[in-house]
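Undergrad: Need a 3D model of the sequence below.
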Amino acid sequence: MTLTAGKDGVIIYSANLSATGAGLFVIAIVFFGLTLPPLLTGSDIPMRQLVALAGFWSIGIALTGIPLGAKLEIGEDYIQTSLFGFATMRKLERRDVADIRYENMTAWGFSTGKGIKIWKRRTDKSLSSVKPAWAFDASVAESIYGEEAVAHARRVLENTL
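TA: Residues are numbered from 1 along each chain as shown. Purely as a prediction, here's the structure:
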């Protein structure tokens, strides 16, 4: 986690380098299991296999590079996440928060550590009013930003709860 002080008391946390581990694992498997053996034997690689190999390399590079662009911006009364400068979560202000829970985070059924899940206040005019109660609106995971960043985000959003 990298900490950067921005203007007007805004603090920006970068993703942990350990978040790139999945991509490095995929790249190692692709290199040692799929790329190196045909190169060592000197055999011809069919076009179909080359296209598949390029796809696997692309996935590995994406899984390695994408976490490096993740940022968590924490202001006096809001949090916002971005990826390479593009907002991935709308600015979430303290007054919009209905509930915050520190829980286990899961992705596709696999535990990814702890983090905070955030539920926004529901209004009759918003599309989020039709969401089921268990469906959270935003989350910040320790596995990406670290314990300190998640604790800071929680303190900022819980100030008036």
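Undergrad: so what's the nearest residue to Ala70 once chain neighbours are set aside up against?
TA: Distances taken as Cβ to Cβ, 6 or more residues apart in numbering put Ala15 closest to Ala70, at 3.9 Å, once the chain neighbours are dropped. The way it works is simple: take the backbone N, C-alpha and C, and place the C-beta from them, glycine included. By Cβ atoms under 8 Å, 6 or more residues apart in numbering, the contact list for Ala15 reads 1, 67-71, 144-145.
Undergrad: Columns neighbour count on top of those, output as TSV?
TA: Below are the contacts of Ala15 laid out as TSV (neighbours: other Cβ atoms under 10 Å):
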residue	neighbour count
Met1	18
Pro67	21
Leu68	14
Gly69	14
Ala70	18
Lys71	19
Ile144	24
Tyr145	25
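Undergrad: So which of those sits lowest on pLDDT?
TA: pLDDT across the contacts of Ala15 is lowest for Met1, at 57.
Undergrad: Per-residue pLDDT of Phe136, please?
TA: pLDDT recorded at Phe136 is 78.
Undergrad: For it, the count of nearby residues, please.
TA: Taking other Cβ atoms under 10 Å as the criterion, the count of residues near Phe136 is 16.
Undergrad: Can you name the helix or strand that it falls in?
TA: Secondary-structure assignment from DSSP states H and E places Phe136 in no helical or strand segment.
Undergrad: hang on, it packs against Thr106?
TA: No: Phe136 lies out of contact with Thr106 (Cβ atoms under 8 Å); the separation is 11.5 Å.
Undergrad: Quickly list what's touching both of the two.
TA: In contact with both Phe136 and Thr106: no residue, using Cβ under 8 Å, 6+ apart.
Undergrad: Let me see the confidence value for Asp96.
TA: Listed pLDDT for Asp96 reads 86.
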